[in-house]
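Novice: Generate coordinates for the sequence data below:
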Amino acid sequence: MIAEIQPLHDIGSMLYNISTNEFTKAKKRWRRAYLTIYFSNTMVTIAKNVISKALPVSRYPTYSVIEIIPEIVGPKVSNQELLFDHSFYGVDQTKLVNIVQNKDLETLHAFDGVKGLAKALDTDLDDGIGGRDLNERKTVFGSNTYEKPPPKGLFHFVVEAFKDVTILILIGCAVLSLGFGIKEDGIKDGWYEGGSILLAVFLVIVVSAVSNFRQEKQFDSLSKISNNIKIDVVREGRRQKISIFDIVVGDIVVLNVGDQIPADGLFINGHSLLVDESSMTGESDQIEVNALSNPFLISGAKVADGNCRMLVLSVGMNTSWGKMMSSITGDNNEQTPLQSRLNKLTSSIGKVGLAVAFLVLVVMLIRYFTGHTKDENGNQEYNGKRTSVNQILDSVTGIFSAAVTIVVVAIPEGLPLAVTLTLAYSMKRMMSDQAMVRKLSACETMGSATVICTDKTGTLTMNQMTVTNFWLGLEHMESHCSNIIAPQVLELFHEAIGFNTTGTVFKNASQLVPEYSGSPTEKAILSWAVEDLDMDMEKLKKCSNVLHVETFNSKKKRSGVSIRRNNDNSIHVHWKGAAEMILAMCSKYYSTTGRKVIIDSDSRTQLENIIEGMAASSLRCIAFAHKNVLEGTNCETLTEDGLTLLGIVGLKDPCRPGSRKAIETCRFAGVQIKMITGDNVFTAKAIATECGILEPGQEVCDEQVVEGVQFRNFTDEERMQKVDKIRVMARSSPFDKLLMVKCLKQKGHVVAVTGDGTNDAPALKEADIGLSMGIQGTEVAKQSSDIVILDDDIASVSTVLMWGRCVYNNIQKFIQFQLTVNVAALVINFVAAVTSGDVPLTAVQLLWVNLIMDTLGALALATERPTKELLNKPPVGRVEPLITNIMWRNLLAQAIFQITVLLTFQFKGKAILNVNERVKNTIIFNTFVLCQVFNEFNSRKLEKRNIFKGILKNKLFVGIIGFTIILQIVMVEFLKNFADTERLNVAQWGICVAIAALSWPIGWVMKLIPVPEKPFFSYIRG
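Specialist: Have a look, this model is predicted:
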């Protein structure tokens, strides 16, 4: 039985009250133990201030755990009932935090280094922590999350909407109108006009606020997904991927090149580790991290080179990164290029609207004060001194309100909203199409892409490597060949594969098949070595010790390791890498019997032919080489000459099934595809032909396929001449990729680049659109990119291209729709005001039209899904006008039609329709709104005459059209006082619908008229 003695004084008094004669032997032992602990605790308390570097103890009350051995054996107690407190409950969290943040080596040594801290945190440095105490660790040390500022609520967006000057002016007019109306006609009838304007303004504000609030929530949820990084940890002896948010203090984290350090911690072991702390310190220099002089790893930093295992000491808000991130607000104030252009367009249109409104205001005021306006009864409104001040103020307020409402309708504030809606909708849909947008502008820029520079591995291919070919010297080996290879050569193979790897093999007693972790290449070689060459990873590690590691380098295309065997202390160097490069370092090769054979010119040619043959079969060729070095050789630098070739393996990575079709799709859309790969030229040609980048059977000229070194050595003029013709670049370095992107941009191309490695970051940043890989991509690559391709598939890249064009196309549809309404409403109200002094569309009616076209229209047109038709056209240029000649043709035709019909009704409506003034104005309002509803269908297709194609697929569009019509019926038939309308009979409704429906045949006929490609305004500029 286990007992907690707390507080100590209670137990002391209990002991002294018990008669000594009653003590059994066990109890005497218990009393002696208690006295020892009591004395020790007292001494610790006295020495507490003296020994400052002692193991930190928590501020909770002290307690002791004492085992009581009863004299009589009782019933058996299960292990679950024997609850021992974990040792980490006594560790002072503040000191753990300060060790890393202050880089305090002295305190670290006082803890007996990493081993001492691991023991204090109940962590096994080889097998990691167990999975049972995760919640307890989170309770004691906190979770790896940071406190974010509270998200903006709906009220914030309501307040933002109130900041619009025109809205405030309208509210002021509504309040004045409300006051004058109540004073003149009493509260029962006097509130209608002012109250109607207030209600209409309130509706506009609420709809705008709700829209912005929803988009903010959506961007926030996407941000959470992008921040959910997957990290490799070791738990219960097994390497596994977990979310960065699930890391706890005591975890063993495995870090490789390109990873972001997920928490503060200490270096356990690793090789050639360089860390970029610029995101935290601002210093661009890479810092070497090692076990002796600098074992400190700071969260938020990036691994620039090498690899290591790290012990986590502090997480979340206890790290500098957590504190910094919690202070950053989630404001998404990023303006995309399209939004900037639209803001300029909105500003220009707004100025025109303001000028028109001012003219209307001046004309109507002149007409009023010169006695040219009449009230509803036909009496002159202004009669000089006989008109009361209240009547004058009421009339002037109405005139001012009408003018301000014209400004509200004229300013197309729906354009930025349409962009936001389109981008938000596209981002959400692109997530389901395996593309996560990190930068909003990439959505629209992708539609203009003219060149896509793509990787081979994992993008064009499936990244599912298997070893299908194995050559030992000049002999081709079949599978399961370990019994025919000389034992000493087999041992060298085990060492070459087992030690020179960043992957791991995990197998427990219950598993028949081992688990492999690492890159697809590493996993393929490890599984081949275990299954075909009978490699035992655990046994191997016990037989030798690693002295030095040179991690894989994208320039040298190889990695190396030196080891010391325990049985004879001999030192062996192993290299692994691109076959032709490893072969160049070798002077001998091993035969199956274990004999070393000198590589002469004939055998070298044979080996080169073997490599070329495998590469031409689309295999990735990896070679292994070895050298036994003498004792006393500098182990920090691995010998690179006089090696003996162990063998060559060919790894098959099949092309993705949809890669050929995706490349054809991009080509058809006028987008060039260039493959940039680190593989040799023969493998690159074979894969490019298989995927359709190079035509099968076609003679490939030198200009189409180049190696990185050739491209690098061209002069600037040669590069600019040849870059368009290049389709494949083999054996390329990240610098070559960056160089190609720069050349293409200089030639005026809009360039998209795919990348997955840390070294791809410069090219991803330089490109117009950086596309990183979600599966194989490093964290550095992802953070340098604009869009993350979640499934690493080229087909998803072509989908992103289609979405980019869809965004641009949807915006153009909405611009055409919006400007039609703007032009028609402005001209109708201006002409009517100037000629008759009467505005046919009231403030409430114009606000209702504003609501229809700004919010509902944006929702309907901005959420059209992409169609393959979008890829039939060439890419949109960087400087092409937003409003094309086709759009001008369509919108002017519809605007002229609406203006003609409605002005005819304005001046001759009473006679033509045989109705009174209020019914005439209601018909004008109803026809105007229905014209916009019918014109929404026209706006779905800018060029195609069949405007109904695919309409049932967009249920939102159909729903919004139906909702608009229902609301319009309610406005006209039931909200008589609110909307200043009269009920219409069936015949009058028929007239309104028939006239509005003419929009369709007019639109169809106008699309038959060809327009010049050169923008209209370029003729004006000359």
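Novice: Count the residues that sit near Gly458.
Specialist: Gly458: 24 surrounding residues under other Cβ atoms under 10 Å. All C-beta atoms are positioned from the backbone trio N, CA, C, and that covers glycine.
Novice: looking at this, it is in a strand?
Specialist: No. Counting by DSSP: H, G, I helix; E, B strand; the rest coil, one finds Gly458 to be coil, located in no strand.
Novice: Give the next helix or strand downstream of the worst-scoring helix or strand of the chain on mean pLDDT.
Specialist: Ranking every helix and strand in the chain by mean pLDDT, DSSP states H and E puts strand 64-67 at the bottom, with a mean of 32. Using DSSP states H and E, the next helix or strand after strand 64-67 towards the C-terminus is helix 93-101.
Novice: what comes up buried for that next one?
Specialist: Using 16 or more other Cβ atoms under 10 Å as the test for burial, helix 93-101 gives Gln93, Lys95, Leu96, Val97, Asn98, Ile99, Val100, Gln101.
Novice: ok, of these, which one's closest to His548?
Specialist: Using Cβ to Cβ, Val100 is the member of the buried residues of helix 93-101 that lies nearest His548, at 26.5 Å.
Novice: Let me have the buried residues of helix 93-101 in CSV, extended by pLDDT.
Specialist: Shown next, in CSV, are the buried residues of helix 93-101 (pLDDT from 0 to 100):
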residue, pLDDT
Gln93, 83
Lys95, 85
Leu96, 86
Val97, 88
Asn98, 88
Ile99, 89
Val100, 89
Gln101, 87
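Novice: can I get those residues in JSON lines with distance to Ile287?
Specialist: Compiled in JSON lines, the buried residues of helix 93-101 are given as follows (distance: Cβ to Cβ, whole Å):
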{"residue": "Gln93", "distance to Ile287": "25"}
{"residue": "Lys95", "distance to Ile287": "23"}
{"residue": "Leu96", "distance to Ile287": "21"}
{"residue": "Val97", "distance to Ile287": "20"}
{"residue": "Asn98", "distance to Ile287": "19"}
{"residue": "Ile99", "distance to Ile287": "17"}
{"residue": "Val100", "distance to Ile287": "13"}
{"residue": "Gln101", "distance to Ile287": "15"}
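Novice: for those, which one is nearest Ser479?
Specialist: Nearest member of the buried residues of helix 93-101 to Ser479, counting by Cβ to Cβ, is Val100, at 48.7 Å.
Novice: distance of the residue lying closest to that closest one once chain neighbours are set aside from Ala209?
Specialist: Nearest non-adjacent residue to Val100, counting by Cβ to Cβ, 6 or more residues apart in numbering: Asp264, 4.1 Å away. According to Cβ to Cβ, to the nearest Å, Asp264 stands 41 Å off from Ala209.
Novice: neighbour count winner among the two?
Specialist: The neighbour comparison of Asp264 against Ala209 (other Cβ under 10 Å) goes to Asp264, with 28 against 19.
Novice: Verify the contact between the more buried one and Gly316 for me.
Specialist: No. In this structure Asp264 lies outside contact range of Gly316 using Cβ atoms under 8 Å: 9.9 Å.
Novice: what angle separates whichever strand or helix holds Val303 from helix 93-101?
Specialist: Taking DSSP H and E as the definition, Val303 sits inside strand 302-314. Using axes from the mean of the first three to the mean of the last three Cα atoms, to 10 degrees, the inter-axis angle of strand 302-314 relative to helix 93-101 is 160 degrees.
Novice: Can you list the helices and strands that strand 302-314 packs against?
Specialist: Here strand 302-314 touches helix 93-101, helix 113-120, strand 252-255, strand 264-276, strand 544-553, going by 3 or more Cβ pairs under 8 Å, 6 or more residues apart in numbering; DSSP states H and E.
Novice: Now the longest helix seen in the chain: average pLDDT?
Specialist: The longest helix of the chain (DSSP state H) is helix 794-836. Average pLDDT, helix 794-836: 84.
Novice: Could I get the full set of helices for the stretch 251-400 of the chain?
Specialist: In the stretch 251-400 of the chain, the segments counted as helices under DSSP state H, counting those that start in this stretch are 278-281, 320-327, 337-369, 389-410.
Novice: May I have the strand holding Val303 exported as CSV, CA atoms only?
Specialist: The C-alpha trace of strand 302-314 is given here as CSV (Å, rounded to 0.1, in the frame of the first residue of the first chain):
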residue,chain,number,x,y,z
LYS,A,302,13.9,26.3,-39.5
VAL,A,303,16.4,23.5,-40.1
ALA,A,304,18.6,24.7,-42.9
ASP,A,305,20.8,21.6,-43.1
GLY,A,306,21.5,18.3,-41.4
ASN,A,307,19.2,16.3,-39.1
CYS,A,308,18.8,15.7,-35.4
ARG,A,309,16.6,14.4,-32.6
MET,A,310,15.4,16.9,-30.1
LEU,A,311,14.1,16.8,-26.5
VAL,A,312,11.2,19.1,-26.0
LEU,A,313,11.5,21.3,-22.9
SER,A,314,8.8,23.9,-23.3
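Novice: for it, what is the average pLDDT?
Specialist: Average pLDDT, strand 302-314: 89.
Novice: Distance from the chain centre to it, please.
Specialist: Computed by Cα atoms, centre = their mean, to the nearest Å, the chain-centroid distance of strand 302-314 equals 24 Å.
Novice: Same check on stretch 786-798?
Specialist: 11 Å.
Novice: May I have the distance across that stretch, first residue to last?
Specialist: The first residue of stretch 786-798 is 15 Å away from its last residue (Cα to Cα, to the nearest Å).
Novice: need the contact list for the residue lying closest to Met581 once chain neighbours are set aside.
Specialist: Distances taken as Cβ to Cβ, 6+ apart put Lys557 closest to Met581, at 5.4 Å, once the chain neighbours are dropped. Shown in contact with Lys557 (Cβ atoms under 8 Å, 6 or more residues apart in numbering): Gly577, Ala578, Met581, Gly678, Arg731.
Novice: where's Asn921 relative to Asp792, distance?
Specialist: 61 Å.
Novice: I misspoke; the intended subject was Glu707.
Specialist: The gap separating Glu707 from Asp792 is 25 Å, by Cβ to Cβ.
Novice: Please identify the helix or strand for the residue nearest to Ser618 when sequence neighbours are not counted.
Specialist: Closest residue to Ser618 apart from its sequence neighbours, by Cβ to Cβ, 6+ apart: Ala686 at 4.2 Å. Ala686 belongs to helix 681-691 when assigned by DSSP H and E.
Novice: Enumerate every residue touching Asp259.
Specialist: Contacts of Asp259 by Cβ under 8 Å, 6+ apart are Ile231, Lys302, Val303, Thr778, Glu779, Val780.
Novice: switch the cut-off to 10 Å
Specialist: Shown in contact with Asp259 (Cβ atoms under 10 Å, 6 or more residues apart in numbering): 229, 231-232, 253, 301-303, 307-308, 310, 758, 778-780.
Novice: is it true that the residue nearest to Ser618 touches Gly650?
Specialist: No. Using Cβ atoms under 10 Å, Ala686 is not in contact with Gly650; the gap is 11.7 Å.
Novice: Which one of those two is surrounded by more residues?
Specialist: Gly650 (23 against 19).
Novice: Please tell me how far that one sits from Glu612.
Specialist: Distance, Gly650 to Glu612, by Cβ to Cβ: 11 Å.
Novice: Check Asn822 too.
Specialist: Separation of Asn822 from Glu612 (Cβ to Cβ): 66 Å.
Novice: Please enumerate residues in contact with stretch 94-104?
Specialist: Taking Cβ under 10 Å, 6+ apart as the rule, stretch 94-104 contacts 53, 55-59, 88, 92, 105-108, 110-111, 117, 120-121, 141, 249, 263-266, 294-299, 312-315, 317-320.
Novice: swap the cut-off to 6 Å and go again
Specialist: Residues outside stretch 94-104 that contact it (Cβ atoms under 6 Å, 6 or more residues apart in numbering): Pro56, Thr107, Leu108, Asp264, Phe296, Leu313, Ser314, Asn318.
Novice: In JSON lines: the residues you listed, plus distance to Lys742.
Specialist: Listed next are the contacts of stretch 94-104 as JSON lines, based on distance: Cβ to Cβ, whole Å:
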{"residue": "Pro56", "distance to Lys742": "54"}
{"residue": "Thr107", "distance to Lys742": "48"}
{"residue": "Leu108", "distance to Lys742": "46"}
{"residue": "Asp264", "distance to Lys742": "38"}
{"residue": "Phe296", "distance to Lys742": "37"}
{"residue": "Leu313", "distance to Lys742": "43"}
{"residue": "Ser314", "distance to Lys742": "42"}
{"residue": "Asn318", "distance to Lys742": "43"}
